[in-house]
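In: Attaching a predicted model along with its sequence, questions to come.
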Amino acid sequence: MRKRTLGQSELHVSELGFGCMSLPMDQQAANRIIDVAIDHGINYFDTADLYNRGDNERVVGEALKAKREHVYIASKVGNVWNAEREGWHWNASKEHIMNAVKESLTRLQTDYLDFYQLHGGTLDDSFSDVIDAFETLKKQGLIRAYGISSIRPNVLKTFLPLGAADGVMMQYSALDRRPEEWFDFIRAQGASVVSRGTIAKGLLTNDWPARLAKHDGYLSYSQPQLIETLGTINDMYPDVLTAALSYNLAHDVVASTIVGASSVEQLTQNIDAYNRISPDFDYAAIANVTKKELYTTHRD
């Protein structure tokens, strides 16, 4: 599998990354899925302390501990489970970040994280303190690179110039092109994009007609618009899943596009689709039949 450099870091991540949020919490089942991912060249695994109240990190850590030197582990911080464990609140303080990373490292059974991200953010946060925490953790050798997971333009415009972030995780797909407006800015800040939501809740897969029946619309697309748009994409590229992955990876600012899987079958479908990507893929063909929209909130 081809690799790309994450920002200005020394991390050469696989173009297809694995989103661990959908992993089964059965350890043996999770091990099988992660083993298949690694066997096919995936080296980037994304989790968060929020997922499954921390148990996702535990499962991922157990699955990867014998392969640690061959993989990159990314996690996120900022969302804190309440005492009753039925909800969470936001805490982006330096004190919390410095403590939370140690808890994540314990759950993940590792001495360091390759990529640590602020899991959201608002303009009420002290981003200088967040950056200071991340830079301190880098100096201590507890993280190798840092970034942010956010789709808020005003947060990105404030956060990225303050430090040396290497990545921005964003929802991005051929049906959600809002991030494209910010690609040049992100690149100019020395960062890469890690895309999530690449298959748009299954609408950008080869099973799109069945998935479409379960959706009244998607973002600003009405049901009739989805039928027309997806039908046109399917006419051009009958392998819609491969086209979806190709579309994201057509942008060099995208370091890795994340796919999740709760079974080996789901994972191999994504890997097989990735392996069918053609160098002749015409990005503009899909761009011409999809909406290029802009974020309308959190701009200033």
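Out: Sure thing, it's come through. Numbering: from 1, shown residues only.

In: Can you point out the helix or strand that includes Asn56?
Out: helix 55-64 (DSSP states H and E).

In: In terms of secondary structure, what does that helix contact?
Out: If you count contacts as 3 or more C-beta pairs under 8 Å, 6 or more residues apart in numbering; DSSP states H and E, helix 55-64 packs onto helix 27-39, strand 72-77, helix 94-108. All C-beta spots, glycine's among them, are computed from the backbone N, C-alpha and C.

In: okay if I get those as TSV plus mean pLDDT, mean neighbour count and distance to Asn275?
Out: Formatted as TSV, the helices and strands packed on helix 55-64 follow (pLDDT from 0 to 100; neighbours: other C-beta atoms under 10 Å; distance: least, C-beta to C-beta, whole Å):
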stretch	mean pLDDT	mean neighbour count	distance to Asn275
helix 27-39	97	17	13
strand 72-77	97	27	21
helix 94-108	97	18	29
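
In: how about these, which one is nearest Arg187?
Out: For these, proximity to Arg187 was assessed by C-beta to C-beta; strand 72-77 is nearest, at 19.6 Å.

In: roughly how far apart are Arg187 and Tyr116?
Out: 21 Å (C-beta to C-beta, to the nearest Å).

In: Among those two, which residue is more densely surrounded?
Out: A count of neighbours by other C-beta atoms under 10 Å puts Tyr116 above the other of Arg187 and Tyr116, at 27 against 15.

In: Wait, a strand at that one?
Out: Yes - secondary structure of Tyr116 (DSSP: H, G, I helix; E, B strand; the rest coil): part of a strand.

In: Begin at 25, not 1, for the rest of this chat.
Out: Shifting the count to begin at 25 puts that one at Tyr140.

In: quick one: pLDDT of it?
Out: Looking at Tyr140, its pLDDT is 98.

In: Identify the bridge partners of it.
Out: Beta-bridge partners of Tyr140, counted by DSSP bridges, are Ser99, Tyr170.
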